[in-house]
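[1] Got a predicted model here, sequence first, then my questions.
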Amino acid sequence: MTPNLAQILDEHVSYEMESIDRMYVNGYIPGLQSPAGVAYFLRQQRGAKFASSALLDPISRDFEKAIQLFIKHDDVPVHRFQKGERKDEETQKRLKTFAKKEGILYLGTAQEKMTTIRTEKRRNPGTGAVFPWLVHGTAVVKVYYFYIVDEDFGPLFIKFGSYFPYPMKICLNGNEYLKRQLAKQKIPFEALDNGLLSCADPKRAQAIANGLSERTIQKLMTKWIAILPQPLSRADRAAGYQYQFSILQAECALTQVFDRPLTGRQFFDQIIKDNLTVGHPSQVQLIFERRIMKTTPGQFRTRVISDGVIPSLHIDYKKTRIKQYFKEGKALRTETTINDTYDFAVGRSLRNLEKLRTIGFAANRRLLGVQRTAHDGIAGEEAFRRINDPITISNGSTIAGLRFGDKRVHDLMHALIILAVLPGVVRARQLRSLLGTQLTSVGKCTPGRATYDLRRLRHHGLIERIPGKLAYTVTELGMRTALFYVHSYDALVGPGLADISPEIQAAPYPIRSAMEKWQKAWERHVQTTLQTAA
């Protein structure tokens with residue numbers, strides 16, 4: 001018999017690892033982020049009589065000269081990226097012939113659009129005199145990609161903009177850092193592309209992955225900034241015009257290696273079947289080579305995407321993405337990519353990395369928890385009646401039941417599934433945002449209706465209030481109930497009525513026809529794969 005998801009995760013995972021994967025760090029000079037700050041820099045630090053962007057050009061030319069001298073002195077190869085060229089391909093090609101323990105792999109150049117400081121003419125309304133004024137603007141400028149091999153972090157790159165305010169981007173990989181540290185400590189391991197397939201000392205490997213901290217990254221940045229050319233002079237840097245760092249993007253990855261490839265195929269076969277019916281059309285999309293239009297809801301959605309025969313599950317929350325896929329046919333990779341720390345009321349400073357790790361890893365585990373729960377039963381008529389029927393609370397008031405099949409209740413259960421997966425807490429505005437796109441047949445979701453729904457959910461035990469806050473968390477009972485309501489209705493009631501109704505069977509039904517066609521193709525693929533494996 002095919003094992004369920006809980007059995008697969010409990011009994012057929014041979015190795016697992018939580019780690020920061022790819023991470024983008026933003027480098028910026030705080031005093032140069034506004035026109036007023038640049039004006040102060042030019043007049044007070046550089047001694048200019050007036051502030052104009054014309055005074056910035058000599059600084060940029062000096063920076064470019066310093067780069068040219070650097071690459072000539074160190075004999076650094078230079079590659080100009082063409083439009084549409086994949087930078088990773090060029091990097092991987094050069095890494096194959098790089099024999100040094102550490103150093104500059106090559107310098108890549110490109111033209112990119114960035115935010116800059118420019119001058120516009122303004123007129124004094126009293127005297128009519130024209131004067132220059134610094135403002136934000138955009139321009140296509142030359143950027144420099146320093147591709148580096150670091151002794152502790154492996155391959156990474158540092159990108160500089162060639163014009164004010166000289167933004168910096170750093171891309172590093174936590175799994176490469178982990179591999180380098182394991183090799184230095186002579187701990188045997190087997191690599192899995194961007195991760196580990198096995199390790200002789202799993203606890204030590206996890207401790208090393210957990211040790212990738214703000215201090216470790218800051219040390220890396222300080223080291224290479226001292227080596228590479230800098231846009232500002234030593235006197236400017238001594239006056240406090242130095243780079244500080246913030247988190248632009250962080251990928252929190254959970255890798256679970258299956259004992260054999262067949263187990264992974266069984267896992268994703270069940271995941272796909274569940275997610276074809278788990279969501280409302282405005283929240284869940286099955287996309288095969290179809291563009292996402294401007295009208296596509298982008299705040300909350302779940303998608304199942306198939307690249308050839310390899311499926312992947314995608315969950316979007318604001319600018320945060322959760323992706324789940326079958327890595328190299330050997331491991332389940334669950335990744336939460338945080339693109340904006342403000343999605344979770346966390347600042348962008350590098351010192352908040354530990355908070356983001358906690359949020360990202362919790363999201364991965366929460367998604368797996370929802371998937372496990374989807375295959376657990378909810379026992380008993382009594383349990384059903386406690387939720388479906390009205391209840392009387394201690395003050396004598398009656399709380400309406402959450403009736404199975406009711407349109408509003410059905411939408412509430414969809415919302416609970418999404419909110420249970422997302423990190424953080426449940427608030428009325430989140431519920432309204434979800435229900436605002438779903439409740440098309442029962443009216444607009446007003447603040448009063450959202451409060452009424454939260455009260456029903458709380459008294460039936462599906463959510464619980466956080467003490468001292470107008471916020472809630474989804475309980476285990478809430479998650480189980482929502483999955484039961486949604487799966488049983490979408491997978492049984494709708495298709496069942498379609499099968500027994502001659503009118504529905506006779507009517508044109510392109511969506512159902514397409515799904516049946518896809519299902520047959522998928523079953524043929526699974527059957528062929530199983531025969532090949534046998």
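    Structure received. Numbering: from 1, shown residues only.
[2] pLDDT score assigned to the most centrally placed residue in the chain?
    With distances taken as CA atoms, centre = their mean, residue 337 lies nearest the centre of the chain, 1.9 Å away. pLDDT, residue 337: 93.
[3] tell me the SS of it?
    Three-state assignment for residue 337 (DSSP: H, G, I helix; E, B strand; the rest coil): strand.
[4] does it really touch residue 319, like I thought?
    No - assessed by CB atoms under 8 Å, residue 337 is found out of contact with residue 319, at 9.1 Å. All C-beta atoms are positioned from the backbone trio N, CA, C, and that covers glycine.
[5] what's the strand or helix carrying residue 235 in contact with?
    Using DSSP states H and E, residue 235 falls within helix 234-238. The contact list for helix 234-238 (CB atoms under 8 Å, 6 or more residues apart in numbering) reads 41, 45, 230.
[6] quick one: which of those is most hemmed in?
    Tallying neighbours with other CB atoms under 10 Å puts residue 41 at the head of those, with 24 neighbours.
[7] For it, give its distance to residue 239.
    To residue 239, residue 41 is 9 Å away according to CB to CB, to the nearest Å.
[8] Residue 97 now?
    42 Å.
[9] quick one, helices of the stretch 201-350 of the chain?
    Listed in chain order, the helices of the stretch 201-350 of the chain (DSSP state H, counting those that start in this stretch) span 202-210, 214-227, 234-238, 261-275.
[10] cool, the stretch 351-500 of the chain as well?
    353-373, 381-388, 407-421, 428-438, 447-459, 476-488, 494-500.
[11] residue ranges with poor pLDDT in this structure?
    1-3, 272-311, 373-382, 421-425, 436-444, 491, 494-534 (pLDDT under 70).
[12] For the residue of the chain most remote from its centre, give me its contacts.
    Farthest-out residue of the chain from its mean C-alpha position, per CA atoms, centre = their mean: residue 127, at 53.9 Å. Neighbour list for residue 127: empty [criterion: CB under 8 Å, 6+ apart].
[13] Quick check: it vs residue 51, distance?
    Residue 127 is 19 Å from residue 51, by CB to CB.
[14] Thought residue 484 was touching residue 462, still the case?
    No - between residue 462 and residue 484 there is no contact under CB under 8 Å: 11.4 Å.
[15] So between those two, which is more surrounded?
    residue 462 (25 against 20).
[16] ok now stretch 174-190, how far from the chain's centre?
    25 Å (CA atoms, centre = their mean, to the nearest Å).
[17] again, but for stretch 164-183
    Worked out by CA atoms, centre = their mean, stretch 164-183 lies 18 Å from the chain centre.
[18] Buried ones in that stretch, by neighbour count?
    Neighbour-count burial for stretch 164-183, counted by 16 or more other CB atoms under 10 Å, picks out 164-182.
[19] List the ones among those that fall in helices.
    Among those, DSSP state H puts 174, 175, 176, 177, 178, 179, 180, 181, 182 in helices.
[20] dump the residue contacts of residue 202.
    By CB under 8 Å, 6+ apart, the contact list for residue 202 reads 15, 17.
[21] that older thread, could you dump the helices of the stretch 201-350 of the chain into JSON lines and include distance to residue 59?
    Below are the helices of the stretch 201-350 of the chain laid out as JSON lines (distance: least, CB to CB, whole Å):
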{"stretch": "helix 202-210", "distance to residue 59": "41"}
{"stretch": "helix 214-227", "distance to residue 59": "17"}
{"stretch": "helix 234-238", "distance to residue 59": "9"}
{"stretch": "helix 261-275", "distance to residue 59": "53"}
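[22] Quick check: which of the ones you listed is buried the most?
    helix 261-275 (a mean of 19; mean count of other CB atoms under 10 Å).
[23] which strands and helices sit next to that one?
    Packing contacts for helix 261-275, counted by 3 or more CB pairs under 8 Å, 6 or more residues apart in numbering; DSSP states H and E, involve helix 5-11, strand 300-307, strand 310-317, strand 320-327, strand 331-338, helix 510-533.
[24] ok and it relative to helix 353-373, angle-wise?
    Helix 261-275 runs at 80 degrees relative to helix 353-373, counting by axes from the mean of the first three to the mean of the last three CA atoms, to 10 degrees.
[25] picking up where we left off before, could you point out which of the helices of the stretch 201-350 of the chain sits nearest residue 245?
    helix 214-227 (6.1 Å; CB to CB).
[26] what's next to that closest one, contact-wise?
    Taking CB under 8 Å, 6+ apart as the rule, helix 214-227 contacts 23, 25, 27, 146, 148, 150, 152-153, 158, 170, 172, 177, 243, 245, 350-351, 353-354.
[27] Provide a ChimeraX selection command restricted to the buried entries of those residues.
    With 16+ other CB under 10 Å as the criterion, this ChimeraX line picks the buried residues out of those:
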select :23,25,27,146,148,150,153,158,170,172,177,243,245,350,353
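[28] secondary structure element for residue 144?
    Residue-wise, residue 144 maps onto strand 130-150 under DSSP H and E.
[29] buried sites along that strand?
    Going by neighbour count (16+ other CB under 10 Å), the buried part of strand 130-150 is 134, 141, 142, 143, 144, 145, 146, 147, 148, 149, 150.
[30] Endpoints of stretch 338-357, how far apart?
    End-to-end distance for stretch 338-357: 10 Å, by CA to CA, to the nearest Å.
[31] nope, stretch 365-384 is what I was after
    Start-to-end, stretch 365-384 (CA to CA) is 27 Å.
[32] returning to what we had before: and residue 97 and residue 239? which has more neighbours close in?
    Set residue 97 next to residue 239 and count neighbours by other CB under 10 Å: residue 239 wins out with 14 against 7.
[33] from what I can see that one touches residue 45, true?
    Yes - if you go by CB under 8 Å, residue 239 and residue 45 touch, sitting 5.8 Å apart.
[34] List the beta-bridge partners for the residue nearest to the centre of the chain.
    residue 251, residue 321 (DSSP bridges).
[35] Mind listing residues that contact stretch 7-21?
    3, 173-175, 178, 194-199, 202, 205-206, 209, 212, 250-260, 263, 266-267, 332, 335, 353, 357, 361, 364, 368, 372.
[36] actually stretch 323-334, not the one I typed
    Contacts for stretch 323-334 (CB under 8 Å, 6+ apart): 13, 192-193, 195, 197, 253-258, 261, 264-265, 267-268, 271, 310-315, 322, 335, 337, 364, 367-368.
[37] Quick check: residue 356 vs residue 395, distance?
    In terms of CB to CB, residue 356 sits 43 Å off from residue 395.
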